[in-house]
Every structure is written in C-alpha cells, then in structure tokens.
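Participant: here are the coordinates; sequence isn't available:
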C-alpha cells in the first residue's frame, strides 16, 4: 500500500513501518500477527482510541495544500546554473510521473475490490491524476520555454513532442 500510495506522499518505506509501530505503542492501533505468503505478517487494526482521535482530527478544518517540490527549486536555480542542465534534470522526471500514473491504474483496480472504500479512494485517485497531469503540462511549458531557440518543440495535448512548423 505504501508503494502504491507514493503519489500521495513520499518517504522511506521504513517510516511507514516505524509509524505503525509508534501508533500501536500509543494505543491507537492494535497489532496482531497473521500468516503471510512467505512469513508471518503484522496486521494493524484501529482501536477505539484511534478511531476517537481520527474522528476529532477529521472535524478540524482542512488546510490548503502545500506545494513542496524540488523541481520548483531547480527551476529557480536556472539563472545561476544555466537553463540546459535544469531542463535536462526536470525532463528526467517525466518517466517517474508516467510510472505514478501507472500505479494509479493499479490503485483504481484495487479500489474496485473494496466496495466500502471505493468512492473515497477513487475521488483521491482523480485528484492525484489531475496533479500528475498538471506536472506534465508544466514540464511541457518548461521544456518549450527554456529550449534553445532552434530546438523549440510544440507539445500535443497528450504531451508528446512534435517539431514546430
């Protein structure tokens, strides 16, 4: 689940495991061992204390999303280091964005197997797809705007490069 949710948050996988253990220690989760495919696995269940805390947290007003992106900082360095290395660096994330879209395909299929959560999962996946699409569109603009004058490309709506006429 952590790998599939990479589009929503990034962090070391070890942090996901450490956090569940921490929450169990505080009484918000109950840990139990269950057989797995190759070894025993720990499964966590929300306790009454955890549910109460979750309910209180969901009542708090949601804050506006933060845009924390290394790519933004890289672009802002272009006047200091030159545009070419920045465009090259940013263009490299295109494959990563496409891989995240592919992971959303899998996540949507999984959502179909969880009827009690399907609606909520799919709403989040739609937002994630819009965010990824916005990044791809922004990347198109960066590449077009910062490409050397003789090499400027025009992007199709799908994001594939076409030489300018």
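Facilitator: Noted; the coordinates are in hand. Treat the numbers as computed from the prediction; the structure is a model and nothing was measured. Numbers count the residues shown, from 1 in each chain.

Participant: what about this structure, any weak spots by pLDDT?
Facilitator: The chain contains residues with pLDDT under 70 at 1-11, 149-165.

Participant: so what are the domain limits for it?
Facilitator: 1-63, 69-165 (automatic domain parsing).

Participant: for those domains, give me a markdown table that also has mean neighbour count.
Facilitator: (Each C-beta comes from the backbone N, C-alpha and C, glycine too.) Converted to a markdown table, the domains of the chain look like this (neighbours: other Cβ atoms under 10 Å):
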| stretch | mean neighbour count |
| --- | --- |
| domain 1-63 | 11 |
| domain 69-165 | 13 |
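
Participant: so in the chain, which helix runs the longest?
Facilitator: As assigned by DSSP state H, the longest helix anywhere in the chain is helix 118-146.

Participant: which strands or helices does that helix pack on?
Facilitator: helix 83-91, helix 93-111, strand 153-155 (3 or more Cβ pairs under 8 Å, 6 or more residues apart in numbering; DSSP states H and E).

Participant: now do the first one: everything it contacts.
Facilitator: Contacts with helix 83-91, where a contact means Cβ atoms under 8 Å, 6 or more residues apart in numbering, come from 71, 74, 75, 77, 78, 139, 142, 143, 146, 147, 148.

Participant: how about TSV for those residues, with distance to residue 112 added?
Facilitator: TSV is the format used below for those (distance: Cβ to Cβ, whole Å):
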residue	distance to residue 112
71	32
74	37
75	38
77	43
78	43
139	30
142	36
143	36
146	41
147	41
148	46
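
Participant: quick check: the two most widely separated of the residues you listed?
Facilitator: Using Cβ to Cβ, the contacts of helix 83-91 span at most 20.4 Å, a distance reached by 71 and 148.

Participant: so which of the helices and strands packed on helix 118-146 is nearest residue 49?
Facilitator: helix 93-111 (28.0 Å).

Participant: next SSE after the helix or strand harbouring residue 50?
Facilitator: Residue 50 belongs to helix 48-59 when assigned by DSSP states H and E. Moving toward the C-terminus from helix 48-59, the next helix or strand (DSSP H and E) is helix 70-76.
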